[in-house]
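In: Got a sequence here, can you model it:
(chains A and B)
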Amino acid sequence: DSGVTQTPKHLITATGQRVTLRCSPRSGDLSVYWYQQSLDQGLQFLIHYYNGEERAKGNILERFSAQQFPDLHSELNLSSLELGDSALYFCASSVTTSASSTDTQYFGPGTRLTVL
Amino acid sequence: DAKTTQPPSMDCAEGRAANLPCNHSTISGNEYVYWYRQIHSQGPQYIIHGLKNNETNEMASLIITEDRKSSTLILPHATLRDTAVYYCIVRAISGGSARQLTFGSGTQLTVLP
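Out: Numbers count the residues shown, from 1 in each chain, chains lettered A, B, ... in the order given. A predicted model of the protein is given here:
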C-alpha cells in the first residue's frame, strides 16, 4: 500500500459526458502528478501540481483539467469524453522538499475509465 | 531526461536471481536512475533509485556501471509475485518539468515455477 488513494476504482460512462477523478496524496506530500495509461500509448504524464499550484503540463488535452485543493487532494476533470479516453488514470504523490530533492513518486491504485 | 533501452521480455526461474538490464548511454551528471514495476494493471510500484553508487534495499539491488551508461536491477530470489513489467527511468533531480517520470515500454519479467 503506497498511501496514495484514488476514487473511484472503476468508472463507466458514455461519450460526451464529464467525470471527476479524485486523488488523496500520502500524508505530508505536497506534489500530485497525474498519468494516463492506455493500451496504445503506455504510461504518459498529464500534469503536476505542487501545494495547490500547477507546476508542469504534459500531453494533457484541453478537455481535461485538474486542480489541487488546500487539503492537498487533487481532482482530474475529464469532459466531452471520447471513446479514446478509455484508460487507466493514475495519480502519484511526492514530498518535493527542494529543487534538488530526488523526489520519489508513489503511485495510487488507479481509476479505470471506460467510455462507451 | 535521457532515453533508456530495455529488453522487451525476460524469463527467470523461481528462486533464482533476476537480472534486468537497462541502457542509458546519454545520461547526464544530474540524472538519477529509477526503477519501478507494474504488476498487471496496478499502480506502478517504486523499487529503487541511484546516482552512481550501487544501492540495495529490501526489494532489490541496483548496480550502475562506472561510466553510468547502463545499470542492472537485481531481484535476488525471484518469486512468482515478481512477475511484472519493470521500468527503468532516468530523471533529473531538479527543475520543474524534469520532475515528471517518462515511462518507456519496460521489460516484462515472467518468473517461472
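In: Only C-alpha atoms from now on, for both contacts and neighbour counts.
Out: Noted.
In: and stretch B:67-85, how far out from the chain's middle?
Out: 6 Å (CA atoms, centre = their mean, to the nearest Å).
In: now stretch B:29-48
Out: Using CA atoms, centre = their mean, the offset of stretch B:29-48 from its chain centre is 6 Å.
In: CA-only coordinates of it in CSV, if you can.
Out: The C-alpha trace of stretch B:29-48 is given here as CSV (Å, rounded to 0.1, in the frame of the first residue of the first chain):
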residue,chain,number,x,y,z
GLY,B,29,25.5,14.1,-14.5
ASN,B,30,22.4,15.3,-12.6
GLU,B,31,20.2,12.4,-13.7
TYR,B,32,19.2,9.5,-11.4
VAL,B,33,18.3,6.0,-12.5
TYR,B,34,14.9,4.9,-11.1
TRP,B,35,13.3,1.5,-11.2
TYR,B,36,9.5,1.0,-11.0
ARG,B,37,7.5,-2.1,-11.6
GLN,B,38,3.8,-2.6,-12.6
ILE,B,39,2.1,-5.8,-11.7
HIS,B,40,-0.8,-6.4,-14.2
SER,B,41,-2.8,-3.1,-14.2
GLN,B,42,-1.9,-2.0,-10.7
GLY,B,43,-0.3,1.3,-9.9
PRO,B,44,3.5,1.4,-10.6
GLN,B,45,5.5,0.5,-7.6
TYR,B,46,8.7,2.2,-6.7
ILE,B,47,11.6,-0.2,-6.3
ILE,B,48,14.9,1.7,-6.0
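In: quick one: that stretch near chain A?
Out: Yes. Among the residues of stretch B:29-48, B:Y32, B:Q42, B:G43, B:P44, B:Q45, B:Y46 lie within reach of chain A under CA under 8 Å from any CA of the partner chain.
In: of all those, which comes closest to chain A?
Out: Lowest distance from chain A to the residues of stretch B:29-48 next to chain A (CA to the nearest CA) belongs to B:G43, with 4.6 Å.
In: That closest one looks like it's in a helix, true?
Out: No. The assignment for B:G43 is coil, going by DSSP: H, G, I helix; E, B strand; the rest coil, so no helix is present there.
In: Let me see the ranges of the helices in chain A.
Out: Counting by DSSP state H, chain A has no helices to list.
In: Okay, strands next: where are they in it?
Out: Counting by DSSP state E, chain A has strands at residues A:5-7, A:10-13, A:19-24, A:31-38, A:42-50, A:53-57, A:64-68, A:74-78, A:87-94, A:106-107, A:111-115.
In: what does chain B give?
Out: Under the criterion DSSP E, strands of chain B are mapped to B:9-13, B:18-23, B:31-38, B:45-50, B:55-56, B:61-64, B:70-75, B:84-92, B:107-112.
In: Save those as JSON lines, and put in mean pLDDT and mean neighbour count too.
Out: Listed next are those as JSON lines, based on pLDDT from 0 to 100; neighbours: other CA atoms under 10 Å in any protein chain shown:
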{"stretch": "strand B:9-13", "mean pLDDT": "97", "mean neighbour count": "15"}
{"stretch": "strand B:18-23", "mean pLDDT": "98", "mean neighbour count": "20"}
{"stretch": "strand B:31-38", "mean pLDDT": "95", "mean neighbour count": "21"}
{"stretch": "strand B:45-50", "mean pLDDT": "96", "mean neighbour count": "20"}
{"stretch": "strand B:55-56", "mean pLDDT": "96", "mean neighbour count": "16"}
{"stretch": "strand B:61-64", "mean pLDDT": "97", "mean neighbour count": "21"}
{"stretch": "strand B:70-75", "mean pLDDT": "97", "mean neighbour count": "20"}
{"stretch": "strand B:84-92", "mean pLDDT": "93", "mean neighbour count": "25"}
{"stretch": "strand B:107-112", "mean pLDDT": "97", "mean neighbour count": "20"}
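In: No more questions from me, cheers.
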